[in-house]
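**Student:** Structure here, sequence nowhere to be found:
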């Protein structure tokens with residue numbers, strides 16, 4: 001997931017929250033506008049925090065989880081996809097508009113330093129754990145290491161399911177996006193919005209075809225070619241925010257702090273009502289679910305991001321910028337990678353200590369997840385993040 005986060009929101013899911021902000025009434029020239037594009041704003045970290053908590057509730061299923069998001073927490077990954085599309089596009093547009101080009105080499109160096117060290121550490125740790133449990137599947141580790149987990153799950157190759165590597169599917173989706181989109185932004189600068197819209201429409205049409213031909217829900221929910229529209233919705237939002245005339249229009253209609261608050265509340269209720277995709281059976285219901293409800297949810301997320309860009313000091317922005325939320329959002333990539341291991345450790349530790357009621361177990365699982373993620377972030381991710389700055393664009 002670049003579910004950080006990058007979406008991991010993943011997820012990766014998983015780059016610094018740097019976005020375009022309109023804070024003045026007078027038009028900005030392109031260079032000054034793009035300087036604002038890279039202002040770090042904590043509210044996007046807060047949105048990541050809510051997203052990763054939704055994903056954790058989906059994988060946990062305890063009483064607290066069911067109370068908060070019922071069975072719809074999987075949609076948190078889609079939030080990470082939208083955020084990733086938005087942030088990566090914003091970063092690329094800033095560099096392209098300020099320097100006239102994009103250094104693909106430096107982009108991929110930054111991505112590698114941001115995502116791969118802790119990802120491959122996770123693969124090694126998961127491999128050792130599975131070897132100790134006599135359940136290691138070499139093919140699963142190999143598939144995950146080359147970011148093909150999404151298609152293994154979607155097409156039923158059989159290597160990953162039950163191996164402990166399943167959560168890498170969202171990271172695999174984002175990695176394919178990273179491989180393709182920077183070149184598009186570099187070489188098709190005047191056609192980005194049409195390309196984004198075409199990708200969204202094509203993805204929706206392809207998903208509808210798969211549904212009508214009887215594809216299982218795992219095929220619909222787990223692969224790059226059926227989840228691309230969520231990322232591209234985020235890309236389209238960044239393109240809109242980067243356009244000066246549209247910025248002025250967006251500021252006029254989305255600047256109110258009440259708009260961002262209403263959208264934030266709507267997202268929470270959207271997730272609560274999403275339900276598990278395996279509970280949708282008829283073709284008509286599947287089309288409504290995957291081609292109407294889910295895209296509408298992603299559009300609401302993108303609209304919230306745009307609204308927050310126009311007024312980060314509004315009510316919604318202030319809520320999402322609360323320090324604990326922002327901190328959780330910053331470590332969300334590690335949270336995503338290590339939460340299953342933390343959950344199992346908490347069950348073992350709680351059983352050993354003899355206080356493993358359902359609620360206590362869940363609280364202990366979330367606490368262990370934060371502990372594991374914090375250790376990973378500060379001792380594994382942070383040193384590489386410092387190296388990553390060497391390849392950052394200096395506008």
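**Tutor:** Perfect, thanks for sending it. Because the structure is predicted, anything quoted here is derived from the model rather than measured. Numbering: from 1, shown residues only.

**Student:** Between the two ends of stretch 269-280, what distance do you get?
**Tutor:** Chord length of stretch 269-280, first to last residue, is 19 Å (C-alpha to C-alpha, to the nearest Å).

**Student:** any weak-confidence spans in this protein?
**Tutor:** Scanning the chain for pLDDT under 70 picks out the ranges 1-41, 355-356, 393-395.

**Student:** what residue of the protein is the furthest out?
**Tutor:** residue 354 (36.4 Å; C-alpha atoms, centre = their mean).

**Student:** how near is it to residue 361?
**Tutor:** Distance, residue 354 to residue 361, by C-beta to C-beta, to the nearest Å: 12 Å. No exception for glycine: its C-beta is placed from N, CA and C like everyone else's.

**Student:** now swap in residue 263 and tell me
**Tutor:** 34 Å.

**Student:** repeat for residue 370
**Tutor:** Counting by C-beta to C-beta, the gap from residue 370 to residue 361 is 15 Å.

**Student:** Please apply the same query to residue 154.
**Tutor:** Residue 154 is 32 Å from residue 361, by C-beta to C-beta.

**Student:** ok, residue 370 and residue 361, which is more surrounded?
**Tutor:** Each of residue 370 and residue 361 has its neighbours counted (other C-beta atoms under 10 Å); residue 361 has more, 20 against 17.

**Student:** Would you mind listing the outside residues contacting the strand or helix carrying the more buried one?
**Tutor:** Using DSSP states H and E, residue 361 sits within helix 358-376. Contacts with helix 358-376, where a contact means C-beta atoms under 8 Å, 6 or more residues apart in numbering, come from 56, 60, 62-65, 118, 121, 328, 331-332, 334-335, 337-339, 341-343, 345-347, 349-350.

**Student:** how distant is that helix from the center of its chain?
**Tutor:** Distance, stretch centre to chain centre, for helix 358-376: 21 Å (C-alpha atoms, centre = their mean, to the nearest Å).

**Student:** in it, what's buried?
**Tutor:** Of all the residues in helix 358-376, those buried under the rule 16 or more other C-beta atoms under 10 Å are 361-362, 364-366, 368-370, 372-374, 376.

**Student:** closest to residue 186 among the residues you listed?
**Tutor:** residue 376 (32.6 Å; C-beta to C-beta).

**Student:** Give me the spatial nearest neighbour of the closest one, chain neighbours excluded.
**Tutor:** residue 334 (3.9 Å; C-beta to C-beta, 6 or more residues apart in numbering).

**Student:** Shouldn't the one you found be within a helix?
**Tutor:** Yes. Assessed with DSSP: H, G, I helix; E, B strand; the rest coil, residue 334 lies in a helix.

**Student:** What separation is there between it and residue 167?
**Tutor:** 12 Å.

**Student:** And residue 264, by the same measure?
**Tutor:** Counting by C-beta to C-beta, the gap from residue 264 to residue 167 is 26 Å.

**Student:** next one: residue 261
**Tutor:** Distance from residue 261 to residue 167, by C-beta to C-beta: 31 Å.

**Student:** Which one's more surrounded, the two?
**Tutor:** residue 167 (25 against 18).

**Student:** Now that that one has come up, it's in contact with residue 335, right?
**Tutor:** No. Between residue 167 and residue 335 there is no contact under C-beta atoms under 8 Å: 11.0 Å.

**Student:** tell me which of the buried residues of helix 358-376 is nearest to residue 45?
**Tutor:** residue 373 (13.6 Å).

**Student:** Summarise which helices and strands the one helix or strand residue 273 maps to is packed against.
**Tutor:** Here residue 273 sits within helix 257-274, counting by DSSP H and E. Applying 3 or more C-beta pairs under 8 Å, 6 or more residues apart in numbering; DSSP states H and E, one finds that helix 257-274 contacts helix 42-60, helix 63-69, helix 75-99, helix 294-310, helix 315-320.

**Student:** winner for burial among these?
**Tutor:** When the helices and strands packed on helix 257-274 are scored by mean count of other C-beta atoms under 10 Å, the highest mean neighbour count falls to helix 75-99 (a mean of 27).

**Student:** helix or strand right after it?
**Tutor:** helix 104-132.

**Student:** Check which element follows that following helix along the chain.
**Tutor:** helix 138-145.

**Student:** Next, count neighbours for residue 389.
**Tutor:** Residue 389 has 10 nearby residues by other C-beta under 10 Å.

**Student:** That one: what secondary structure?
**Tutor:** helix.

**Student:** mind checking how far it is from residue 348?
**Tutor:** 39 Å.

**Student:** contacting residues around the residue lying closest to residue 140 once chain neighbours are set aside?
**Tutor:** Excluding its sequence neighbours, the residue lying closest to residue 140 (C-beta to C-beta, 6+ apart) is residue 163, at 3.5 Å. Residue 163 makes contacts with 130, 135-137, 140-141, as judged by C-beta under 8 Å, 6+ apart.
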